[in-house]
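*Asks:* Here's my sequence, what's the structure:
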Amino acid sequence: SSAGLPFVKCYSGVCYGVLFLLEEGLLFFKPPRFVHRSKLHSISCGRGSGGSRYIDLVATLDAVTPARTSDAKSDTDEGEEEDVKRETLEFHSIDNGELRVLNEYINGVLTKAMARDAAN
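*Replies:* Here you go, the predicted structure:
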């Protein structure tokens, strides 16, 4: 955080807690939820609505589900074994002083770790 703490304070839904920005992914505590970086489809942060002093972090996750069991498959389904659905997680009411820290995390830590994963 901008205060030197290993987390930022925020809300996830109606739950107030802390978000740890880890190389391995995102850890929200209270209630605990861990999202590994391999599940992230996209992540962004920015200003909340209006002239707010708060910002939001939005993570879109890939949630893999079993393939449809229908015998009649279209050409685009041929050979597919799973469907990918998206889930959106929003962490909101983050103090806007954390914007720089969040951008550094996304661009400096997370994307580099994800690029290493893709290369392996």
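
*Asks:* only C-alpha atoms for contact and neighbour calcs from this point on.
*Replies:* Will do.

*Asks:* May I see the buried residues of stretch 53-64?
*Replies:* Y54, I55, D56, L57, V58, A59, T60, L61, D62 (16 or more other CA atoms under 10 Å).

*Asks:* and which of the residues you listed is nearest L110?
*Replies:* The closest of the buried residues of stretch 53-64 to L110 turns out to be A59 (CA to CA; 12.2 Å).

*Asks:* who's the closest one bridged to?
*Replies:* Note on A59: beta-bridge partners I43, L89, judged by DSSP bridges.

*Asks:* Would you mind confirming that it is in contact with G46?
*Replies:* No: between A59 and G46 there is no contact under CA atoms under 8 Å: 11.9 Å.

*Asks:* Give me the phi and psi angles of T111.
*Replies:* Per-residue torsions, T111: phi -70, psi -30 (degrees, to the nearest 10).

*Asks:* Could you measure from it over to Y11?
*Replies:* 24 Å (CA to CA, to the nearest Å).

*Asks:* between the two, who's got more neighbours?
*Replies:* Y11 (19 against 15; other CA atoms under 10 Å).

*Asks:* Run through who's touching the host helix or strand of the more buried one.
*Replies:* Following DSSP states H and E, one finds Y11 within strand 7-12. With contact meaning CA atoms under 8 Å, 6 or more residues apart in numbering, strand 7-12 is reached by 1, 16-21, 89-95, 98.

*Asks:* Among the residues you listed, name the buried ones.
*Replies:* For the contacts of strand 7-12, buried by 16+ other CA under 10 Å: 1, 16-21, 90-95, 98.

*Asks:* taking those one by one, which sit in helices?
*Replies:* Among the buried ones among the contacts of strand 7-12, no member falls in helices (DSSP state H).

*Asks:* What is the nearest of those to K30?
*Replies:* G17 (5.2 Å).

*Asks:* Mean pLDDT per helix and strand in this structure: which one sits at the bottom?
*Replies:* Lowest on mean pLDDT, DSSP states H and E among the helices and strands of the chain sits strand 54-66, with a mean of 87.

*Asks:* Quick check: the farthest pair among the buried residues of stretch 53-64?
*Replies:* Maximum distance among the buried residues of stretch 53-64 (CA to CA): 26.6 Å, for Y54 and D62.
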